[in-house]
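A.B. asks: Got a sequence here, can you model it:
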Amino acid sequence: MNSARTTDRRVFLQSATGMLTGLVAAGSPLALFAPSRAWALDLTTLTSPEGATVLAAARTIAPHDKLEDAAYALVVHSIDASVAKDEGLRRQYQEGLARLGANFASASEPARVEALKAVEPSAFFQALRTNTLQVLYATPMAYAYFGYEGEAFSKGGYLFRGFNDLRWLPDVPQADSGPVLGSA
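C.D. replies: As a prediction, this is how the structure comes out:
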């Protein structure tokens with residue numbers, strides 16, 4: 001009897017969570033920052049296909065398979081805001097995105113890489129790459145993904161906080177570590 005209640009409660013919680021996620025994704029600017037598959041992005045200047053192409057291009061330029069699309073959406077948002085202010089930049093992006101092709105966003109990764117290589121010398125690509133790197137790697141989602149804890153000055157520096165906490169590197173053998181300070 002108790003397991004039936006647990007199952008019913010789980011089903012209820014799953015459906016309620018799904019419904020709330022849909023509502024947040026559809027109507028809240030907070031959805032942009034949510035680290036989940038449900039997020040929303042309002043474009044003011046770029047069209048939806050252009051936004052999808054920019055997102056795919058940003059993901060191809062800076063590929064991190066497990067980093068959420070919402071982090072890349074911040075790049076799209078930044079570019080959308082930039083092209084809204086500058087008609088010349090808007091034309092540059094329109095022409096560059098057209099050169100990538102209408103099916104760029106749905107193309108395979110090798111095909112996207114080749115398409116980006118073809119436009120690499122252009123001012124469009126240079127602006128896209130610069131914006132991608134500047135915006136993507138300055139987001140709290142990317143910080144969390146890479147384990148970056150932020151600046152350390154206001155927290156007393158790195159010596160006693162984070163100096164030696166890299167978990168993704170192998171341990172250095174003691175013989176290669178150098179002398180221990182303070183020992184004779």
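
A.B. asks: Let me know the distance separating the residue most central in space within the chain from Pro121.
C.D. replies: Using CA atoms, centre = their mean, the residue of the chain that lies closest to the mean C-alpha position is Ala71, 2.6 Å off. Using CB to CB, to the nearest Å, Ala71 is found at 27 Å from Pro121. Backbone N, C-alpha and C define where each C-beta goes, glycine included.

A.B. asks: secondary structure class for Tyr72?
C.D. replies: Three-state call for Tyr72 (DSSP: H, G, I helix; E, B strand; the rest coil): helix.

A.B. asks: Contacts only, for it.
C.D. replies: Leu55, Ala58, Arg59, Leu136 (CB atoms under 8 Å, 6 or more residues apart in numbering).

A.B. asks: Look up how far Glu149 lies from the closest residue to it other than its chain neighbours.
C.D. replies: Residue nearest to Tyr72 in three dimensions, not counting chain neighbours: Ala58, with 4.8 Å by CB to CB, 6 or more residues apart in numbering. Look at Ala58 and Glu149: by CB to CB, they are 24 Å apart.

A.B. asks: pretty sure Ala105 contacts Glu50?
C.D. replies: No - here Ala105 does not reach Glu50: they are 9.5 Å apart, not a contact under CB atoms under 8 Å.

A.B. asks: For the closest residue to the residue nearest to the centre of the chain other than its chain neighbours, what are phi and psi?
C.D. replies: Excluding its sequence neighbours, the residue lying closest to Ala71 (CB to CB, 6+ apart) is Met141, at 4.2 Å. When quoted as degrees, to the nearest 10, the phi and psi of Met141 stand at phi -70, psi -40.

A.B. asks: For Met141, report the pLDDT, please.
C.D. replies: Looking at Met141, its pLDDT is 88.

A.B. asks: how far away is it from Ser154?
C.D. replies: Distance from Met141 to Ser154, by CB to CB: 21 Å.

A.B. asks: higher neighbour count, those two?
C.D. replies: Remark: of Met141 and Ser154, Met141 carries more neighbours, 19 against 7, as counted by other CB atoms under 10 Å.
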